[in-house]
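Undergrad: Sharing a sequence plus its predicted fold:
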Amino acid sequence: MKTLYLDCGMGAAGDMLTAALIELLPRPDEFIETLNAINIPEVVYKKEKSAKCGITGTHISVTVRGAEESEEMHSHEHGHTHEHTHEHHNEHEHSHEHCHEHAHDHHDEHSHSHTHHHSSMHDIEHIVSALDIPQKVKDDVMAVYGLIAEAESQAHGVPVTDIHFHEVGTMDAVADITAVCLLMNELSPDEVVVSPVHVGSGTVKCAHGILPVPAPATAYILKDVPIYGGSIGGELCTPTGAALLKHFAARFGEMPIMKTKAIGYGMGKKDFPTANCVRAFIGDTEDKTDVAVELSCNVDDMTAEAVGFAMERLFEGGALEVYTIPIGMKKSRPGVMLRVLCREEDKEKMIGLIFRYTSTIGIREAETRRYVLERTIQTVQTPFGEVRRKISSGYGVSRTKYEYDDLARIAKEQNISVDEVRSRLEN
C-alpha cells in the first residue's frame, strides 16, 4: 500500500507542507511551472534551497503582486465594521511574531490612503472555481477552507457567513492550500498518516492583542488530533497547516513500518535549536493481516429477541464480528450457530459474555487469520454539518462509505430518505 507519512515534530504550515511534498516528486521544478500556470491572480511560486541545523531542504515562497506577505500588511487597523480573518505563514517563516488569524469588529481608527478588500467564502469559491485544476482538487481546497471558516466562526462567535479573509492573506492562503491539494492529487497515496502535531507554546502577538498558543482557530481544527507543546516558544502550527492535516490524514500516530521510496524536507525561515522543517516520507507498507480468535456455540432454545440482545452485548464488549448461521440440531430441531470474532486479549471477556447472555453450555475456539483493509474514520464538512466517512484501503483497492447513523440523523432532520442524503453528499 502506497503510504505518505508526515512528521510534524515542528508543527506545520501550508508552505512547509508544499515544500516537503514537492521534494517527493521526481521533477519538482516542473511542478513549480505547473503551479504558476494555474492562474491564481497575481501569485507567483518560487522554489529555493534552504538549510536548517545542517540539513538541506526546500523552501517555497509565495509572492502576491511581487511581494511576500509581511507584518506591515497586517499591523494596522482597517477602516471597516465587519468581521474578518487574517491568514498567513507562521513563525517558522518570519523573524517577528504576529497573529495568524483573528476576527474583530471595530470602527475606523484613522484614515489610509489605500483601501483593503476582504473576501468571503463565496469569494474564495469564485477564485477557486476559475483555477485550471481538476475538480477533485477544487473540492479539496474548498473542504480545507470550510474547516478554517468553521474554526474561525467557533473561535470568534460569529456566523460562518460573516467570516472574511484579508485580501493579501487570502491569495497567500489560496496558493498554499491549492499547492498542497494538487500535490496530494499528484502523489495519490493510498493512506496518509500524520505524526502527533507539535503546536508550540507560550503566546503569539497580533495587532489586537496577545493570544495563547495554539491560537483558538488552530485549537478548534485540531480537536480529536494528538497534539503537544514543548520548550519551543511561539506558534508552530498555523490554521492553514492544521486544516490541511485534518483534511488529508487518514489517521494520526507513529510512523508505520514502511519501505521508504523518497523523503522530503519542507523548511520554514526561522531558526530554532531543532531543525525547522516538516518531513514527508512516501513508500510502501504491507497490506494488513491479523489473527483473530473465533468463538462459536450452537443454541436451539433461545428466542430471536434473546439472540439479538446477546449480539448487541457482544458488540458493546468489543467483538470484531458477531453473526448467526441457521443450523439443524439433534432430533431435527432448528437452531442457530452464534459466531464471534475477537482479539486474543478479549477472548476471556467474550467467553464470559457468551455464557452470560446465551443458553449454551459449551463454546468452541479456533484461530483465524484475516486479510483486512485498513479502515479509518474521517469527519468531513458537508452542507448538513459534520458527517463521518469510513475509508477502507489496501490490496490495491480503496473505497469510502458514509456512516449510516449520520445519514439517518440527517434524513430525519431534512425529512428525506437515507438514499437521497447519500446521493446529495456524493454529488
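TA: In hand now; what should we look at?
Undergrad: Quick check: the spatially closest residue to G11 that is not a sequence neighbour vs G9, distance?
TA: Nearest residue to G11 in three dimensions, chain neighbours excluded: L236, at 2.8 Å (Cβ to Cβ, 6 or more residues apart in numbering). C-betas here are computed from N, CA, C, even on glycine. For L236, the distance to G9 (Cβ to Cβ, to the nearest Å) stands at 9 Å.
Undergrad: neighbour-wise, which of these two wins?
TA: Set L236 next to G9 and count neighbours by other Cβ atoms under 10 Å: L236 wins out with 31 against 17.
Undergrad: Hmm, the more buried one is touching V204, no?
TA: No. Contact criterion Cβ atoms under 8 Å: L236 and V204 do not qualify, at 10.2 Å.
Undergrad: what comes up buried for stretch 185-194?
TA: 187, 189-194 (16 or more other Cβ atoms under 10 Å).
Undergrad: would TSV of these with pLDDT, distance to S423 and secondary structure be doable?
TA: As requested, the buried residues of stretch 185-194 are exported to TSV (pLDDT from 0 to 100; distance: Cβ to Cβ, whole Å; DSSP: H, G, I helix; E, B strand; the rest coil):
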residue	pLDDT	distance to S423	secondary structure
L187	95	30	helix
P189	92	28	coil
D190	86	26	coil
E191	88	27	strand
V192	92	27	strand
V193	92	31	strand
V194	95	31	strand
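Undergrad: Among those, pick out the one closest to H156, please.
TA: V194 (26.4 Å; Cβ to Cβ).
Undergrad: sorry, back to before: which residues are in contact with both of L236 and G9?
TA: H198 (Cβ atoms under 8 Å, 6 or more residues apart in numbering).
Undergrad: Report the rounded mean pLDDT for the helix or strand D405 falls within.
TA: Assigned by DSSP states H and E, D405 belongs to helix 404-414. The pLDDT scores in helix 404-414 average 93.
Undergrad: Also stretch 384-393?
TA: The model assigns stretch 384-393 a mean pLDDT of 88.
Undergrad: next one: stretch 147-164
TA: The average pLDDT within stretch 147-164 is 79.
Undergrad: next one: it to chain centre, how far?
TA: Put simply, stretch 147-164 sits 18 Å off its chain's centre (Cα atoms, centre = their mean, to the nearest Å).
Undergrad: What of stretch 4-12?
TA: In terms of Cα atoms, centre = their mean, the centre of stretch 4-12 is set 13 Å apart from its chain centre.
Undergrad: For this structure, which segments are assigned as helices?
TA: 14-22, 28-36, 121-129, 135-156, 167-187, 216-221, 239-248, 304-316, 347-357, 404-414, 418-426 (DSSP state H).
Undergrad: what's the fifth one packed up against?
TA: Okay, so that is helix 167-187. If you count contacts as 3 or more Cβ pairs under 8 Å, 6 or more residues apart in numbering; DSSP states H and E, helix 167-187 packs onto helix 14-22, helix 28-36, strand 43-52, strand 55-64, strand 118-119, helix 121-129, helix 135-156, helix 239-248.
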